[in-house]
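Asks: Sequence first, then the predicted structure:
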Amino acid sequence: MSKTGRTSTRELLHLAWPVLIAQLAMMGSAVIDTAMAGRLSAVDLAAVGIASSIAATVLMSLISVLLALMPIIAHLYGAGRHEEIGHEIHQSIWISFALALIAVLLLRFPEPFIAISELQPDVEIKVRAYLAASSWGVPGVIALRLFLGLTTGIGQPRPAMIFNLLSLALKFPLNAVFMYGLLGMPELGGPGCAVASAVDATLIAVLAWGWCLRNSDYAAFRLHRKFVAPEWKAIMDFLRLGVPIGVTFVADVTAFTLMALFIARLGPVISGAHQIAANLAAFAFMVPLALGNATSVLVGQALGANQSERARQICWEGLRLGMAIAVTLCLLFYFGASHIATLYTTDENVQAVAIPLIVLVGIYHLGDAMQVITVNALRGYKKSVVPMIVYAVGLWTVALGGGYMLGLTDVFGAAHGAAGFWIAGIAGIGMVGIAMTIYLDALSRARSP
């Protein structure tokens, strides 16, 4: 490997590991929710799985528009235009107000999601309670997303890591208080974890931005400048990059959410097993996502500094490193499926269904790692429209449509249940990963001298 390659690898790892820990901390909260709900009942486990899928669909589909902030700030930072970063933060706050309002309304009135899932009455009650509680955490979640975009965009992800670890440390005791009724609080069961998450997100957001605004290292970005009215040109430039990213997340998240809702028709045992598999897939996803974020930031900074050949080299270094790790995780899931299932639940029926799904998750992860690294690299180039189209076709048509036919109908023989959805997902995500790699190769070649 060349000296430049070694340098890029070190830079990627230096930026990626704090991002990974921060993301694993966020994902760890979901693992805690699943494990604690699984100790209550199959109904609580199914309700938390279904409700968290709906909440993720709503929040990530909307808040993902704000992911445009990271490459925008990376370009400004790479070009040395530090004083413009505060302006971008302020304009993104105006966008956040609209996103927060939509998110709260969807969480408070989730009838379309409830109708699709055809829930049993006892599960539906808990799902509605979870979503209502989640709405109170929306402002905190959005504020933390802006904080992450700022700190990661300038290549300093460690503050976000520290605050996410603090959030994780608070999650278990807060869950215990609201789920199990400690310290005189009412025993809320599964929905209690949503109350805990709302309290957690709000507290950490206040602490994170309070620290940032008082830190002299951030003074050059002029975050304290007078707050200005919305500037429509800046907002439209932001949205031209951010909206396709948001639609891409809609395709990704809704494919997972609708999968969970369709599988919910098969009963709490299969739904609970699917929740374990989906939770594990999301947990593994954090590794290539961290590398993808690091790749996006370094590519953006390189392009801001007019170093297009370096940007291309960073893309491929990130992809090679990410796929090597993905293969390792795939083997781990294959050989450790039975042990992993027992960590999530003591219900033997749920374990029996979950074990083969965990094996499929390992295969799925290979395509998932490829696509998330390449799509983030493309965001470093400020390209998001083509990925949006490819995601929509691959995930809605191949993965979700194919999963419905394989899992719930006899179009291709006897219905395969939850496994059918995962098999179709492997095909869909693999198609997306290959297409994004080809597009990134063509684009980076065209941009290189």
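Replies: Now that the structure is in, tell me what you want to look at.
Asks: mind listing what's buried in stretch 297-312?
Replies: 297-304, 308, 310-312 (16 or more other CB atoms under 10 Å). For the C-beta atoms, the positions are set from N, CA and C on the backbone; glycine is no exception.
Asks: With stretch 35-50 instead?
Replies: For stretch 35-50, burial by neighbour count (16+ other CB under 10 Å) applies to 35-38, 40-50.
Asks: cool, and stretch 223-238?
Replies: Across stretch 223-238, burial judged by 16+ other CB under 10 Å covers 223, 234-235, 237-238.
Asks: cool, stretch 110-129 as well?
Replies: By neighbour count with 16+ other CB under 10 Å, stretch 110-129 contains the buried residues 110, 113-114, 117, 119-120, 123-124, 126-129.
Asks: Repeat that for stretch 399-418.
Replies: So stretch 399-418, judged by 16+ other CB under 10 Å, has buried residues 399-400, 402-408, 415-418.
Asks: Would you reformat those residues as JSON lines and include pLDDT and secondary structure?
Replies: Compiled in JSON lines, the buried residues of stretch 399-418 are given as follows (pLDDT from 0 to 100; DSSP: H, G, I helix; E, B strand; the rest coil):
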{"residue": "Ala399", "pLDDT": "89", "secondary structure": "helix"}
{"residue": "Leu400", "pLDDT": "89", "secondary structure": "helix"}
{"residue": "Gly402", "pLDDT": "91", "secondary structure": "helix"}
{"residue": "Gly403", "pLDDT": "86", "secondary structure": "helix"}
{"residue": "Tyr404", "pLDDT": "86", "secondary structure": "helix"}
{"residue": "Met405", "pLDDT": "90", "secondary structure": "helix"}
{"residue": "Leu406", "pLDDT": "88", "secondary structure": "helix"}
{"residue": "Gly407", "pLDDT": "82", "secondary structure": "helix"}
{"residue": "Leu408", "pLDDT": "85", "secondary structure": "helix"}
{"residue": "Ala415", "pLDDT": "80", "secondary structure": "coil"}
{"residue": "His416", "pLDDT": "81", "secondary structure": "coil"}
{"residue": "Gly417", "pLDDT": "81", "secondary structure": "coil"}
{"residue": "Ala418", "pLDDT": "83", "secondary structure": "helix"}
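Asks: Taking those residues together, which two end up most distant?
Replies: Ala399 and Ala415 (16.8 Å; CB to CB).
Asks: what's the helix or strand harbouring Ser134 packed up against?
Replies: Ser134 belongs to helix 121-135 when assigned by DSSP states H and E. For helix 121-135, the packing partners by 3 or more CB pairs under 8 Å, 6 or more residues apart in numbering; DSSP states H and E come out as helix 42-63, helix 85-108, helix 111-117, helix 192-213.
Asks: and the angle for it with helix 85-108?
Replies: Angle between the axes of helix 121-135 and helix 85-108 is 160 degrees (criterion: axes from the mean of the first three to the mean of the last three CA atoms, to 10 degrees).
Asks: Would you mind pulling the contact partners of helix 121-135?
Replies: For helix 121-135, contacts defined as CB atoms under 8 Å, 6 or more residues apart in numbering pick out 43-44, 46-48, 50-52, 54-55, 59, 103-104, 107-108, 110, 114, 117, 119, 188-191, 193-195, 197-198, 264, 268.
Asks: Flag the shaky bits of this structure, pLDDT-wise.
Replies: Low-confidence segments of the chain (pLDDT under 70): 1-7, 117-118, 449.
Asks: got a list of what the spatially most central residue of it touches?
Replies: In the chain, the centroid-proximal residue (CA atoms, centre = their mean) is Met60; its distance is 6.8 Å. With contact set as CB under 8 Å, 6+ apart, Met60 has these partners: 249, 253.
Asks: Can you dump the C-alpha atoms of stretch 165-183 in CSV for me?
Replies: Extracted C-alpha coordinates of stretch 165-183, given in CSV (Å, rounded to 0.1, in the frame of the first residue of the first chain):
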residue,chain,number,x,y,z
LEU,A,165,-21.9,7.6,26.0
LEU,A,166,-23.4,9.7,28.8
SER,A,167,-26.8,9.2,27.2
LEU,A,168,-26.3,5.5,27.2
ALA,A,169,-25.2,5.5,30.8
LEU,A,170,-28.5,7.2,31.7
LYS,A,171,-30.7,4.9,29.6
PHE,A,172,-30.8,1.8,31.8
PRO,A,173,-31.7,3.6,35.1
LEU,A,174,-34.3,5.8,33.3
ASN,A,175,-35.8,2.7,31.7
ALA,A,176,-35.9,1.0,35.1
VAL,A,177,-37.7,3.9,36.6
PHE,A,178,-40.4,4.3,33.9
MET,A,179,-40.8,0.6,32.7
TYR,A,180,-40.7,-1.1,36.1
GLY,A,181,-42.2,1.8,38.2
LEU,A,182,-39.2,2.6,40.5
LEU,A,183,-39.0,5.7,42.7
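Asks: how about Ser338, what does it touch?
Replies: By CB under 8 Å, 6+ apart, the contact list for Ser338 reads 351, 355.
Asks: Distance-wise, check it relative to His416.
Replies: 20 Å (CB to CB, to the nearest Å).
Asks: Could you do Gly362 as well?
Replies: Going from Gly362 to His416 by CB to CB gives 18 Å.
Asks: cool, Ala273 as well?
Replies: When Ala273 is compared with His416 (using CB to CB), they lie 14 Å apart.
Asks: next one: Glu348
Replies: 22 Å.
Asks: Check the offset of stretch 103-123 from the chain's centre.
Replies: Centroid separation for stretch 103-123 versus its chain: 21 Å, with CA atoms, centre = their mean, to the nearest Å.
Asks: for stretch 206-224, same thing?
Replies: Distance, centroid of stretch 206-224 to centroid of chain: 25 Å (CA atoms, centre = their mean).
Asks: Alpha carbons of it, as PDB, please.
Replies: Written as PDB, here are the backbone C-alpha positions of stretch 206-224 (Å, rounded to 0.1, in the frame of the first residue of the first chain):
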ATOM      1  CA  VAL A 206     -29.100  20.800  26.500                       C
ATOM      2  CA  LEU A 207     -25.700  19.700  27.900                       C
ATOM      3  CA  ALA A 208     -24.100  19.300  24.400                       C
ATOM      4  CA  TRP A 209     -25.100  22.600  23.000                       C
ATOM      5  CA  GLY A 210     -24.400  24.400  26.400                       C
ATOM      6  CA  TRP A 211     -20.800  23.000  26.200                       C
ATOM      7  CA  CYS A 212     -20.400  23.900  22.500                       C
ATOM      8  CA  LEU A 213     -21.500  27.500  22.900                       C
ATOM      9  CA  ARG A 214     -19.100  28.000  25.800                       C
ATOM     10  CA  ASN A 215     -16.100  26.400  24.100                       C
ATOM     11  CA  SER A 216     -13.600  28.800  22.700                       C
ATOM     12  CA  ASP A 217     -12.500  26.300  20.100                       C
ATOM     13  CA  TYR A 218     -15.800  26.900  18.300                       C
ATOM     14  CA  ALA A 219     -15.600  30.700  18.400                       C
ATOM     15  CA  ALA A 220     -14.300  30.900  14.800                       C
ATOM     16  CA  PHE A 221     -17.600  29.500  13.500                       C
ATOM     17  CA  ARG A 222     -19.500  32.400  14.800                       C
ATOM     18  CA  LEU A 223     -22.300  30.400  16.400                       C
ATOM     19  CA  HIS A 224     -23.100  33.300  18.700                       C
END
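Asks: Alright, calling it a day.
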